[in-house]
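J.: Using only what follows, build the 3D model:
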Amino acid sequence: MTSAIASTTLGAAHRDAASDRHPVPPELGWARGLDREYTLGSFLGAGSYGVIHTATRMTDGTTVAIKCLAKERPNAPRARTLKRIAREAALMERLSGCPSVVQLVDKFEEPDAVFLVMEMAAGTDLSVLLQVRVGLGWTGLDWGVRLHPLCYTLHISTGTHYTP
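T.: Residues are numbered from 1 along each chain as shown. Here you go, the predicted structure:
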């Protein structure tokens, strides 16, 4: 599946002129034209839902990470997959500005895939990124104590299940 998403990603980002003559309306209402704003870079990783590439914003050279997700998944109705993707983007937007959350920069869609453009946390993990942003030297217990309110807020505002 990873290779299918990767080829969908590259195909959507570099579609030919013939596909523009008969455009498919966006299902999520997100912008089209990832390839007009970003240059895809190297492959960073893959998960069960998609792949992540580096990219460069053409206007200012900023490096970002682009999460590429197929709109169709085996054994899942397309509508449910789109709802899950839209919910992920909405949660990222709702948590915008929170130092413990990678920031959503932009979002795009093509007929077969969606792209979540996120800030790049190159060569690090969340604990290092948090130390840089807010000077925290958290232990495992500190993580639990400090992230519990964030999880509780998500639960109250979105109905997302969380068990401490």
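
J.: And what about Ala89, helix, strand or coil?
T.: State at Ala89, reduced to three classes by DSSP: H, G, I helix; E, B strand; the rest coil: helix.

J.: Compute the first-to-last residue distance for stretch 54-70.
T.: With CA to CA, to the nearest Å as the measure, stretch 54-70 spans 17 Å from end to end.

J.: my bad, should have said stretch 44-53
T.: Terminal residues of stretch 44-53 lie 5 Å apart, using CA to CA.

J.: Please point out which parts of it sit buried.
T.: Neighbour counts over stretch 44-53 (16 or more other CB atoms under 10 Å) mark 49-53 as buried. In this view, the C-beta of every residue, glycine as well, is placed from N, C-alpha and C.

J.: average pLDDT across it?
T.: Averaging pLDDT along stretch 44-53 yields 86.

J.: Closest one to Ala113 out of the buried residues of stretch 44-53, please.
T.: Within the set of the buried residues of stretch 44-53, Gly50 lies nearest Ala113; the separation is 8.2 Å, counting by CB to CB.

J.: Can you tell me how far the residue nearest to that closest one when sequence neighbours are not counted is from Ser48?
T.: Distances taken as CB to CB, 6 or more residues apart in numbering put Leu69 closest to Gly50, at 4.0 Å, once the chain neighbours are dropped. Remark: distance between Leu69 and Ser48 (CB to CB, to the nearest Å) = 11 Å.

J.: Equivalent analysis for Gly97, please.
T.: 29 Å.

J.: May I see the domains of this protein written out as residue ranges?
T.: For the chain, the structural domains run 2-122, 123-164, going by automatic domain parsing.

J.: Considering these, which stretch scores lowest in mean pLDDT?
T.: Looking at the domains of the chain, the lowest mean pLDDT belongs to domain 123-164 (a mean of 57).
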